[in-house]
Every structure is written in C-alpha cells, then in structure tokens.
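Chemist: no sequence on hand, only this structure:
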C-alpha cells in the first residue's frame, strides 16, 4: 500500500516565491593577463644595449683604446663614469664598444644556425626515410663533439677573428634548431591543411614554405633567444681564455680576463663587466621564456 506525500503550504509558497524571483545576473569579467615585468625589463635592457652598440661612434665617449694618465680609477674619476682599467682605458667606452662583439656573435651565429638548422630539420621531418636518416646522422655527429673543445680547436686552427668565432658558434648551433624544426614538422605534417594542400597538387616546396614554415617558426623564435644568451656566454668564455676576439678589440670576456689580476685591489674591473654579462644573458632568457609561454601547446620545443 503506497503513501502519497503532499507538500506543506509553506513549501509551496517558497517554491512559488523562487519561481517568481529573477535569476541573479552573472557578470563575466574580462581576463587580464599579468604583465611580465622580467620580460619587460629584458626588452628595455636589450634595446639599450643594441642602441648603444649601434650609435657608439656618435656617443660622447672616448676611444676605447685611448690611454689616459689615470690607471685603475674608480667610477666617477676625472669624467670616467665607470672608471678606467689597468691601462687607463675608459671602462664605459669599452663596455659599449664591446657590446658590438657580443651582439654580432650572438645575432650573426644565431641567424646562420637558424637558417641552416631549420632547413635541415624541415627536410628531415617532411620527407623522412633516407633524408631523415642522413640529416639525423649529421646532427648526432655534430653533437658528439664537446662544444668548448670544438670551439677552441677551430679557433686555434683558423686565424682568431670575429668571423671565425661566428662560424664556429654557428656550426655548434645548427643541431638545436634542426631538432626542434624536425619535431615541429612531424607534428604539423599530418594536419588537415597540409593534407588539403597535397590533395590540391601543391609541390613539396610550396607546402614547406607556405604551410609548414610559419608554424615551425613560432617555437624556433623562442629557441633563438635562448641560443643568443648561450652564445653571449660562449663568446665571453672564449675571449676570457684568450682564443676569442684578439686584442685590442674590446670585448666583455677580454675585460674580465684583464681585470682578474687586479680583482683583489680593484674589484670593479671584474664586477662591472660581469654585471653586464649577467643582465644581458638574463634578459635574453627572460624574453625567450615569455615568447615560449605564448607558443601553442602543439609546438614541440
């Protein structure tokens, strides 16, 4: 025998009141992305360094190789904003002119390795088979050399110069770009837009340039910034060891090597170039992280 449960008058009144009351309005606030302060500082610093290196000749600075009568001067002495080194040369002038070497190596070597690495990686990822095996063998062969030993050996065999340094660092950077380009080409090669292009009779060259290149370049640009930071350190390390850009051409690594003997009495000769090194490398890495955060999740990097 079943029982019929009837609602009480109070519950019916509450139900009618809820039915008559309007639904609460839902306010959707736009999502605001936080500004990346570190990346912003990095962009400003890199812009200042680049402008200083480009317009170094027109800035009111003494010649970086001019010798004054004041040796190992502290910052602010006799108009020398950052002081002078052990030979009486203006530290600020040598830092700004030395930025030319660091940026030339970073941008030049990265550009060469980017073009060659992306080309090899996309060919390997798209065609596969024997092409992929041959290019992968070359990449693994290049990676088998210890980078520092290879750089020192190449600079020692050839004449030490800026061009030699750029070529040596560019060769060592090719595998990084090739592997990332190959991985992203494999990820996008089976997408619908590539399949549609093939069905329309597009040539492999057209597919590589028009369909795949734009998607591959997004993570490549993020990697390029990180590689630039690495090459700044590599150039400084080689110059510090005496196998980089030959003196008297100013370079940050050369300034560190020259100032280490005076570090106990004049620590600013090492600390100031080291600070420029740190901020520049940090800026490149921070900008690279910011770019990577905006690359699609489908990209392999």
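Modeler: Received the coordinates, thanks. The structure presented is a predicted model; accordingly, all values stated were derived computationally and were not measured.

Chemist: so where does the residue minimising distance to the centre of the chain fall, helix or strand?
Modeler: In the chain, the C-alpha nearest the mean C-alpha coordinate belongs to residue 225, at 1.3 Å (Cα atoms, centre = their mean). For residue 225, the host element (DSSP states H and E) is helix 213-241.

Chemist: just how off-centre is that helix within its chain?
Modeler: Distance of helix 213-241 from the chain centroid (Cα atoms, centre = their mean, to the nearest Å) equals 5 Å.

Chemist: start at 606, not 1
Modeler: Happy to do that; since the first residue is 606 now, the last one works out to helix 818-846.

Chemist: list the buried ones in it?
Modeler: 820-825, 827-845 (16 or more other Cβ atoms under 10 Å). The C-beta positions use only the backbone N, C-alpha and C, and glycine is treated the same way.

Chemist: residues near residue 813, how many?
Modeler: When neighbours are counted by other Cβ atoms under 10 Å, residue 813 registers 21.

Chemist: now do it against residue 722, distance only.
Modeler: Residue 813 sits 15 Å away from residue 722, going by Cβ to Cβ, to the nearest Å.

Chemist: could you point out the helix or strand that follows the lowest-mean-pLDDT helix or strand in the chain?
Modeler: Scoring the helices and strands of the chain by mean pLDDT, DSSP states H and E places helix 614-625 at the bottom, with a mean of 50. Downstream of helix 614-625, the next assigned helix or strand under DSSP H and E is helix 642-659.

Chemist: leaving out sequence neighbours, find the closest residue to residue 717.
Modeler: For residue 717, ignoring the flanking residues on the chain, the nearest one in space by Cβ to Cβ, 6 or more residues apart in numbering is residue 775 at 3.8 Å.

Chemist: which ones are touching that neighbour?
Modeler: The contact partners of residue 775, by Cβ atoms under 8 Å, 6 or more residues apart in numbering, come to 713, 714, 715, 717, 718, 721.

Chemist: turn the residues you listed into JSON lines, including pLDDT.
Modeler: Formatted as JSON lines, those follow (pLDDT from 0 to 100):
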{"residue": "713", "pLDDT": "93"}
{"residue": "714", "pLDDT": "93"}
{"residue": "715", "pLDDT": "93"}
{"residue": "717", "pLDDT": "95"}
{"residue": "718", "pLDDT": "94"}
{"residue": "721", "pLDDT": "95"}
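
Chemist: okay, these in TSV with distance to residue 670 next?
Modeler: As requested, the contacts of residue 775 are exported to TSV (distance: Cβ to Cβ, whole Å):
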residue	distance to residue 670
713	23
714	25
715	28
717	29
718	31
721	35
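
Chemist: what would the residues you listed look like in TSV with secondary structure and neighbour count?
Modeler: Output for those, formatted as TSV (DSSP: H, G, I helix; E, B strand; the rest coil; neighbours: other Cβ atoms under 10 Å):
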residue	secondary structure	neighbour count
713	helix	18
714	helix	25
715	helix	26
717	helix	17
718	helix	24
721	helix	16
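
Chemist: what's residue 641 in contact with, if anything?
Modeler: 891, 895.

Chemist: scratch that, residue 702 is what I was asking about
Modeler: 658, 661, 669, 855.

Chemist: ok so, going back, which of the contacts of residue 775 sits closest to residue 870?
Modeler: For the contacts of residue 775, the minimum distance to residue 870 (Cβ to Cβ) is 36.0 Å, reached by residue 714.

Chemist: host element of the residue lying closest to residue 811 once chain neighbours are set aside?
Modeler: Once flanking residues are discounted, residue 811 sits nearest to residue 802: 7.3 Å by Cβ to Cβ, 6+ apart. Following DSSP H and E, one finds residue 802 within helix 797-804.

Chemist: isn't residue 743 right up against residue 725?
Modeler: Yes: when contacts are counted by Cβ atoms under 8 Å, residue 743 is listed as touching residue 725 (7.4 Å).

Chemist: and the two? which has more neighbours close in?
Modeler: Applying other Cβ under 10 Å to residue 743 and residue 725 shows that residue 725 carries more neighbours, namely 23 against 15.

Chemist: that one: what secondary structure?
Modeler: For residue 725, the assignment made with DSSP: H, G, I helix; E, B strand; the rest coil gives helix.

Chemist: for it, which non-adjacent residue is spatially closest?
Modeler: With Cβ to Cβ, 6+ apart as the measure, residue 783 is the residue that lies nearest to residue 725, at 4.6 Å, once sequence neighbours are left out.

Chemist: tell me the buried residues in the helix or strand containing the one you found?
Modeler: Using DSSP H and E, residue 783 sits in helix 767-793. For helix 767-793, burial by neighbour count (16+ other Cβ under 10 Å) applies to 767, 769-793.
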